[in-house]
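Enquirer: coordinates only, sequence not included:
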């Protein structure tokens, strides 16, 4: 939005957003946290609320009659919205592709019928859409600009009450309450095992923006874990990280932090969804490179014991950590040059003015 306003100064914007978009002058029709639901049955439990947001947004569309809609990620909601917008004659630009290359490839038909232009942030996505006949542009990944190494990791550690001379394990359990609830138990168990085996270790957990710290209280009770909101500084300083699969793995890769990737869904959601997954890896770092460079512990493989074993294997092998950092360093180049948000805004401005 910041870059778009430099090109279209009088643009008026409304939609589903958070505080940072609101600060850019976006009128909040609903808050993005109202849609922060993960998993099939979790969605069903919140279906009434989601429908209320959906209907309210379309009522505002009918009133304001916008020239263009910019949909970001969140395919379950946004592809339904795209159909409704298309029926109302509103052109749809989609930013951050649904993961149709991973599962539910049938969504390509809906995208082809409803989306005027797809802007993708991973290089391998462009060919998928071109082959399907969807206008597409690889704009690069905005995290290339947003994720930068801390200038003084030692100062961060001292400020957080941590010892720069001792190895540090970073915990990143996720950014949404539901995924944190699934992931924090095994991670806490791993901390308990690692602290008992290696007293020299110290631990810090990154609290995602908008998360209440209280969500960690029960699982981390009695454990030597420091909480911090300074995620990138923590990644810059950490010896290695235990990272929930998702955007955080891309951030970790950009900061060249050795990591073990973990994730857990509800048992029923995983059982029903697993047969439809069509990718050989879960971690974005592995998908970007095209092979397994970081360890993945998913669902039943994600236990305190397996996490502790994988973490110790990296801790005890400096050469393996160095080799992993080297692999991760190449990911920044694969994600495109700096200026992704500006390129996305330029494309939106062209479509908007056209």
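Expert: In hand now; what should we look at? Just so we're clear, the structure is a prediction, and the values are computed from it rather than from any experiment.
Enquirer: how about the helices of the stretch 251-354 of the chain, start to end?
Expert: 267-273, 284-289, 304-315, 318-334, 340-353 (DSSP state H, counting those that start in this stretch).
Enquirer: number of nearby residues for residue 291?
Expert: Using other Cβ atoms under 10 Å, residue 291 is surrounded by 9 other residues. Placement of C-beta: from N, CA and C, glycine included.
Enquirer: Among the helices of the stretch 251-354 of the chain, show me which one is buried the most.
Expert: helix 284-289 (a mean of 22; mean count of other Cβ atoms under 10 Å).
Enquirer: Go ahead and name everything in contact with that one.
Expert: 122-124, 245-247, 249-250, 252-253, 259, 261, 279-281, 292-294, 296, 327-328, 330-331, 334-335 (Cβ atoms under 8 Å, 6 or more residues apart in numbering).
Enquirer: what pLDDT does the spatially closest residue to residue 254 that is not a sequence neighbour get?
Expert: Nearest non-adjacent residue to residue 254, counting by Cβ to Cβ, 6 or more residues apart in numbering: residue 147, 4.3 Å away. Looking at residue 147, its pLDDT reads 93.
Enquirer: One more: residue 102?
Expert: pLDDT at residue 102 comes out at 62.
Enquirer: can you check residue 287 too?
Expert: pLDDT at residue 287 comes out at 85.
Enquirer: before we move on, what about residue 277?
Expert: Reading off the model, residue 277 has pLDDT 64.
Enquirer: that older thread, filter the contacts of helix 284-289 down to the buried ones.
Expert: 122, 245-247, 249-250, 252-253, 259, 261, 281, 293-294, 296, 327-328, 331, 335 (16 or more other Cβ atoms under 10 Å).
Enquirer: For this protein, list the residue farthest from the centre, please.
Expert: Residue farthest from the centre of the chain, counting by Cα atoms, centre = their mean, is residue 63 at 32.7 Å.
Enquirer: Surely that one forms part of a helix?
Expert: Yes: residue state for residue 63 (DSSP: H, G, I helix; E, B strand; the rest coil) corresponds to a helix.
Enquirer: what's near enough to touch the spatially most central residue of the chain?
Expert: With distances taken as Cα atoms, centre = their mean, residue 247 lies nearest the centre of the chain, 2.7 Å away. Listed by Cβ under 8 Å, 6+ apart, the contact partners of residue 247 are 143, 175, 284.
Enquirer: Between these, which sits nearest residue 91?
Expert: Checking the contacts of residue 247 against residue 91 by Cβ to Cβ gives residue 143 as the nearest, at 27.1 Å.
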